[in-house]
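Student: here is the input, now give the coordinates:
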Amino acid sequence: MSDTDYFDITELFPVLEAKGWKESKNLMDFWAKGTAKTAITAPGKDKSTIGDNINSGMRKYTISWKWLNQFPNANKKYNALLKNLDSKAVIRELKKTYGFSTPYSYNSIKQSHAQIIPFNSWLVDSMQPDQYFKYIKDHQMQYQEVTPFEDNNYKLDDLVGALNNFNFYAFYKGHTINAIKYRENKALSKHERNTKPTKSDLLKTPSLFGEMPNFMHLNIKRHLENKQVKSVICVSHIGIYAGDIYEFNGPQYLGTWDTVNNKVFVSNWDALWGSSDTDDNKDLSITNETFRIYRDKKKMGGDFFAFSPIKLILKPLVIPIY
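Tutor: Okay, the predicted model is just below:
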């Protein structure tokens, strides 16, 4: 690498500030100030994934929902996720995770003394990334891809500059009711149930319906009364977050920049050429390579996770397991 290949990416900051792309500048600055670190990629892949980097020790940057909500195309994808939160694929995954597979298998349910088996009870509104990060690998279930550049008719804006490709992800919160144990308890003779439970006993007993809304209670009981039903999965809430890895692996054109006149635009030629070209400050072809060269030279530039807080929404689902 020669010094002529090197470009100080902090010279792009005034352009972002002039255009009012505050979050693009914030994320780029956060990257530049971090100790050199490269996100892990799977063998044969150019881009990294959150799953590949769960144990990487990368830093985390928190994106606000207020900022995300400014962008209509991001909101469209968020609404698309909402429409698919109870898709057939999701129902299958919920059954597999909280219905039949360990520790919710039929044998486990039959042998368990627990009537209520909660899942993801830790999930609360406005939960910060550091708090939910450890649950991603085992409990994250649904996602919706967001492609801001394509969704914005190939025009640049602050969302494209900050998070060109990211996903909305979902966690499911609720409980599994052991229907077998429910019916056994209900079948106890009056003699066995002749001791009236104390207030203390009732406080120790988990609610059959948990956080499920009242209008769902009758439906839940109907399934519990069915002798063919082994368990009933009750989802009360969905926790959604936006997530991405801010990294510069692989080839990617990141716009043509004019740091003299504070402009950034898309050049079809530069995009086709695809290489970093930083000889002319009025015509800087910036690519992922530009950032990698900066990192190699400065020993700074740390890839990181970019996550939003959890947005918790009421989404009741009742799923009987036969």
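
Student: secondary structure element for residue 260?
Tutor: Of the helices and strands defined by DSSP states H and E, none includes residue 260.

Student: that one: how many residues sit nearby?
Tutor: 12 (other Cβ atoms under 10 Å). C-betas here are computed from N, CA, C, even on glycine.

Student: for it, what are its contacts?
Tutor: Residues near residue 260 by Cβ atoms under 8 Å, 6 or more residues apart in numbering: 281, 282.

Student: got phi/psi on it?
Tutor: Backbone torsions for residue 260, taken as degrees, to the nearest 10, come to phi -80, psi -40.

Student: look up how far residue 14 lies from it.
Tutor: From residue 260 across to residue 14, the span is 10 Å (Cβ to Cβ, to the nearest Å).

Student: and residue 96, how far from residue 251?
Tutor: According to Cβ to Cβ, residue 96 stands 37 Å off from residue 251.

Student: thought residue 77 was touching residue 146?
Tutor: Yes. If you go by Cβ atoms under 8 Å, residue 77 and residue 146 touch, sitting 4.5 Å apart.

Student: what is the helix or strand containing residue 183 packed up against?
Tutor: Using DSSP H and E, residue 183 maps to helix 179-186. Using 3 or more Cβ pairs under 8 Å, 6 or more residues apart in numbering; DSSP states H and E, the elements in contact with helix 179-186 are helix 106-111, helix 217-225, strand 231-246.

Student: deepest in the core, which of the ones you listed is it.
Tutor: Burial of those is given as mean neighbour count (mean count of other Cβ atoms under 10 Å); strand 231-246 ranks first at a mean of 24.

Student: gap between that one and the chain center?
Tutor: Relative to its chain's centre, strand 231-246 lies at 8 Å (Cα atoms, centre = their mean, to the nearest Å).

Student: now the helix holding residue 183 and strand 231-246, what's the angle there?
Tutor: Per axes from the mean of the first three to the mean of the last three Cα atoms, to 10 degrees, the angle that helix 179-186 makes with strand 231-246 is 140 degrees.

Student: follow-up on the earlier one: want to try a markdown table for the helices and strands packed on helix 179-186, with mean pLDDT and distance to residue 267 as columns?
Tutor: A markdown table is the format used below for those (pLDDT from 0 to 100; distance: least, Cβ to Cβ, whole Å):
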| stretch | mean pLDDT | distance to residue 267 |
| --- | --- | --- |
| helix 106-111 | 55 | 60 |
| helix 217-225 | 95 | 58 |
| strand 231-246 | 97 | 23 |
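
Student: turn the ones you listed into CSV, columns for distance to residue 158.
Tutor: CSV is the format used below for the helices and strands packed on helix 179-186 (distance: least, Cβ to Cβ, whole Å):
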stretch, distance to residue 158
helix 106-111, 49
helix 217-225, 45
strand 231-246, 14
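
Student: and residue 314, which of the ones you listed is closest to it?
Tutor: Minimum separation from residue 314 across the helices and strands packed on helix 179-186 (Cβ to Cβ) falls at strand 231-246, 5.9 Å.

Student: ranges for the helices of the stretch 151-300 of the chain?
Tutor: All helices of the stretch 151-300 of the chain, identified by DSSP state H, counting those that start in this stretch, fall at 158-162, 179-186, 199-204, 217-225, 268-273, 288-298.

Student: can I get those in a markdown table including distance to residue 58?
Tutor: Formatted as a markdown table, the entries for the helices of the stretch 151-300 of the chain read as follows, by distance: least, Cβ to Cβ, whole Å:
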| stretch | distance to residue 58 |
| --- | --- |
| helix 158-162 | 17 |
| helix 179-186 | 43 |
| helix 199-204 | 42 |
| helix 217-225 | 42 |
| helix 268-273 | 28 |
| helix 288-298 | 14 |
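
Student: which one of the ones you listed has the most crowded surroundings?
Tutor: Mean neighbour count, computed with mean count of other Cβ under 10 Å, is highest for helix 158-162 among those, reaching a mean of 23.

Student: so what touches that helix?
Tutor: Residues from elsewhere that reach helix 158-162, judged by Cβ under 8 Å, 6+ apart: 16, 19-24, 26-28, 63, 68, 70-71, 73-74, 148-149, 152, 306.
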